[in-house]
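1. Would you be able to build a 3D model of this:
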Amino acid sequence: MRIPTTTYRIQFHAGFNFEAAQQILSYLEELGITDLYASPIFKARKGSTHGYDVVDSNQLNPELGTSENFEKLIGEIQKRKMGWLQDIVPNHMAYDTQNLLLLDVLEHGPDSDYFEYFDIEWNHGYENIRGRVLAPLLGNFYGECLENGEIQLKYGENGLSVNYYSLELPVRIESYIKFIGQNLGRLSKELGRRHPDFIKLLGMLYMIKNVPTETKGKERYDQIAFVKGLLWELNT
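-> Okay, here's the model as predicted:
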């Protein structure tokens, strides 16, 4: 087993990437450095200056360079018979719109493909947060954030989302009924109950009501994607 004797820590970020690290290897070698101790290099929140706010541990941070850049850096390190110590973040990820695994869990709950990826207390002792995720995301009390317009409901091609500044969180399909079903009576009077678009909307409401209870796994994902596609087509 290799035992490091003199290490040099490198803090990677957009301003100091893989290529920049390669340029100082000769200098570090002259100093007698035997091993590099690297800050997290996996994909982090955009603009991260430290790399500990990881959003995807399955790919390198594109702000640091490409896989070719990384392999070239490692090759130069090996030529100098130097070692590499990698700092990792195994116990947490960033609450961020780029964290697709977390967003999937928030949207699909127990039916998410990544349900077991996170240590979430779904059967919490307090009944009012049982089956929910409690996270300190707001900069103020919920009511005040709501009154100040900091929390907004938006709709786009990917569906409904709750937005707090740059943070965009998906709305579970079960909750669509509360929003889409609003003012159906008024819409019926304006369009007429036999209007093609109104009939389509009623059909989609029926589909949404039955998605959570009748489908699981991949079929559920496909059904939700289908419903979202129809809603977007109807909206545009």
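2. Can you mark which positions in stretch 73-80 are buried?
-> L73, E76, I77 (16 or more other Cβ atoms under 10 Å). Glycine gets a C-beta too; all of them are placed from N, C-alpha and C.
3. Mind pulling the model confidence for the second one?
-> Pointing back at E76 there. Here the pLDDT value assigned to E76 is 98.
4. what secondary structure does it sit in?
-> The three-state label given to E76 by DSSP: H, G, I helix; E, B strand; the rest coil is helix.
5. That one touches L25, doesn't it?
-> Yes. If you go by Cβ atoms under 8 Å, E76 and L25 touch, sitting 5.5 Å apart.
6. Tell me how far the residue nearest the centre of the chain lies from E168.
-> The C-alpha lying nearest the average C-alpha coordinate of the chain belongs to N99 (Cα atoms, centre = their mean; 1.6 Å). Distance, N99 to E168, using Cβ to Cβ, to the nearest Å: 11 Å.
7. got it, and N140?
-> Taking Cβ to Cβ as the measure, N140 falls 19 Å from E168.
8. Just checking, which helix or strand of this structure averages the lowest pLDDT?
-> helix 196-214 (a mean of 82; mean pLDDT, DSSP states H and E).
9. Just want the angle from the following helix or strand past that one to helix 196-214.
-> Where DSSP states H and E defines the elements, the next helix or strand beyond helix 196-214 is helix 217-235. Interaxial angle, helix 217-235 versus helix 196-214 (axes from the mean of the first three to the mean of the last three Cα atoms, to 10 degrees): 160 degrees.
10. Return the set of buried residues in helix 217-235.
-> Buried-residue list, helix 217-235, by 16+ other Cβ under 10 Å: R220, Y221, Q223, I224, V227, K228, L231.
11. and the third one, how far is that from L85?
-> What that stands for is Q223. Counting by Cβ to Cβ - Q223 and L85 are separated by 46 Å.
12. per the record, what domains does this protein have?
-> 7-86, 100-235 (automatic domain parsing).
13. any idea where the helices of this structure begin and end?
-> Ranges of helices within the chain are 18-23, 25-31, 67-79, 100-108, 142-147, 176-180, 184-191, 196-214, 217-235, based on DSSP state H.
14. of all those, which lies closest to V54?
-> helix 100-108 (10.4 Å; Cβ to Cβ).
15. if I look at the residue in the chain sticking out farthest from the centre, how far off is I24?
-> Relative to the centre of the chain, and counting by Cα atoms, centre = their mean, the farthest-placed residue is E30 at 42.1 Å. Separation of E30 from I24 (Cβ to Cβ): 10 Å.
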